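Asks: The amino acid sequence is not available; the structure is as follows:
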């Protein structure tokens with residue numbers, strides 16, 4: 001038997017339950033890992049509330065990310081063996097391969113042997129943040145040295161990953177945060193400039209920073225009414241990448257600004273990178289090399305015990321974290 005977190009109805013974090021279930025056996029192209037750490041994501045919170053791209057079939061598992069040790073290998077798996085320490089790139093289904101468990105069956109194609117320098121807690125939160133940011137900023141937006149990048153929700157794990165990648169290519173990251181309390185942390189994390197959206201007018205401040213030109217790339221997981229301001233802050237020929245929908249308000253399409261500036265407003269999901277074998281391989285190599293040389297370094301906001309999953313989701317939804325929220329099972333046998 002193994003402990004698994006499931007939920008039976010949509011709702012707040014209290015719907016999450018820890019249950020004992022038989023340990024599943026992997027299919028031919030799958031492996032079973034003994035989970036040592038789990039990386040939490042806003043997508044899982046939205047899925048739990050019924051506000052995500054994928055719908056739950058109850059009782060439902062959940063979870064995209066994990067790191068652990070392989071304990072059973074499917075008969076068709078050739079690249080991994082029992083005992084390998086691995087981390088998981090988010091697979092296509094948040095429910096089918098739910099990682100909120102002491103043991104999880106996952107597709108072998110989505111596993112990576114992460115650098116030995118990473119702890120299990122760090123490795124559990126690597127791939128969602130860095131592959132999401134890499135795919136959007138480099139293959140899609142072609143961010144380059146000297147380009148201005150505007151990062152909203154900048155203290156999230158993906159926002160911080162975007163700042164690190166921007167610095168790695170020589171771009172100039174501008175972080176947007178809601179309050180003064182995170183300004184120093186964002187500057188220490190590599191932001192060249194920080195805009196406090198509750199106190200400063202975003203378009204005016206961007207114009208000051210960019211000498212009136214605007215930013216080449218906007219990287220935004222929020223949507224909502226702020227899209228109009230983001231379009232105003234983007235330079236002619238720039239691109240706005242929407243990779244989430246955290247705002248509960250409608251997202252207006254800034255038609256005349258898009259037309260007048262020849263802007264690209266693009267939706268983006270990590271799986272368009274994962275589903276392209278060449279891009280997937282390139283992204284894994286880029287992130288792995290950055291982790292090895294230290295230019296990419298995961299920031300953990302807080303670590304919770306497995307038994308405290310409800311509190312972990314409450315903390316995730318409060319929006320006060322700086323970096324990745326992790327659930328640790330390192331003390332498990």
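Replies: Sure thing, it's come through. Bear in mind the structure is a predicted one, so any value in this text is a computation, not a measurement.
Asks: contacts and neighbour counts: CA atoms only from here.
Replies: OK.
Asks: In this protein, which helix is the longest?
Replies: helix 277-293 (DSSP state H).
Asks: Report all helices and strands that that one contacts.
Replies: helix 127-135, helix 271-274 (3 or more Cα pairs under 8 Å, 6 or more residues apart in numbering; DSSP states H and E).
Asks: which of those helices sits most buried?
Replies: helix 127-135 (a mean of 25; mean count of other Cα atoms under 10 Å).
Asks: elements contacting that one?
Replies: Counting by 3+ Cα pairs under 8 Å, 6+ apart, helix 127-135 packs on helix 157-169, helix 277-293.
Asks: one more time with 10 Å
Replies: Other helices and strands packing on helix 127-135, by 3 or more Cα pairs under 10 Å, 6 or more residues apart in numbering; DSSP states H and E, are strand 85-88, helix 157-169, helix 271-274, helix 277-293.
Asks: Helices along this structure, start to end?
Replies: Going by DSSP H, the chain shows helices at 42-48, 120-124, 127-135, 157-169, 183-188, 202-209, 227-233, 255-261, 271-274, 277-293, 309-318.
Asks: Which of these has the highest mean neighbour count?
Replies: helix 120-124 (a mean of 26).
Asks: For residue 88, find the nearest of the helices and strands packed on helix 277-293.
Replies: With Cα to Cα as the measure, helix 127-135 is the member of those nearest residue 88 (7.1 Å).
Asks: show me where pLDDT drops low in this structure?
Replies: 331-333 (pLDDT under 70).
Asks: care to break it down by domain?
Replies: Domain assignment for the chain by automatic domain parsing gives 2-126+298-328, 129-271.
Asks: re the thing from before, possible to save the helices and strands packed on helix 127-135 as TSV with distance to residue 52?
Replies: As requested, these are exported to TSV (distance: least, Cα to Cα, whole Å):
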stretch	distance to residue 52
strand 85-88	21
helix 157-169	18
helix 271-274	15
helix 277-293	23
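Asks: Figure out which of those is closest to residue 222.
Replies: helix 157-169 (11.6 Å).
Asks: Give me the packing partners of that closest one, helices and strands only.
Replies: Helix 157-169 packs on helix 127-135, strand 148-151, strand 172-177, helix 183-188, strand 215-220, helix 277-293, strand 324-328, going by 3+ Cα pairs under 10 Å, 6+ apart.
Asks: I'd like to know which of those is closest to residue 117.
Replies: Using Cα to Cα, the helices and strands packed on helix 157-169 put helix 277-293 closest to residue 117, at 7.7 Å.
Asks: how near is the closest residue to residue 146 other than its chain neighbours to residue 84?
Replies: In space, and not counting its chain neighbours, residue 146 is closest to residue 171: 4.7 Å by Cα to Cα, 6 or more residues apart in numbering. Distance, residue 171 to residue 84, by Cα to Cα, to the nearest Å: 36 Å.
Asks: More neighbours: which of those two?
Replies: Shown here are residue 171 and residue 84; by other Cα atoms under 10 Å, residue 171 has more neighbours (19 against 14).
Asks: Wait, residue 225 touches residue 249, no?
Replies: Yes. Taking contacts as Cα atoms under 10 Å, residue 225 lies within contact range of residue 249: 7.0 Å.
Asks: ok, the two, which is more surrounded?
Replies: residue 225 (16 against 12).
Asks: residue with max distance from the center of this structure?
Replies: Most distant residue from the mean C-alpha position of the chain: residue 260, 32.2 Å away (Cα atoms, centre = their mean).
Asks: surely that one meets residue 234?
Replies: No. Shown here, residue 260 and residue 234 do not form a contact pair, counting by Cα under 10 Å, at 11.4 Å.
Asks: one step back: would CSV of the domains of the chain with distance to residue 288 be doable?
Replies: CSV is the format used below for the domains of the chain (distance: least, Cα to Cα, whole Å):
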stretch, distance to residue 288
domain 2-126+298-328, 7
domain 129-271, 10
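Asks: who wins for proximity to residue 279 among those?
Replies: domain 129-271 (8.1 Å).
Asks: Now do the closest one: distance to the chain's middle.
Replies: Distance of domain 129-271 from the chain centroid (Cα atoms, centre = their mean, to the nearest Å) equals 15 Å.
Asks: do the same with stretch 120-131
Replies: For stretch 120-131, the distance to the chain centre is 8 Å (Cα atoms, centre = their mean).
Asks: gap between the two ends of it?
Replies: 18 Å.
Asks: ditto for stretch 248-267
Replies: 17 Å.
Asks: Ok, stretch 221-235 next?
Replies: Taking Cα to Cα as the criterion, the two ends of stretch 221-235 lie 19 Å apart.
Asks: cool, and stretch 3-11?
Replies: With Cα to Cα as the measure, stretch 3-11 spans 21 Å from end to end.
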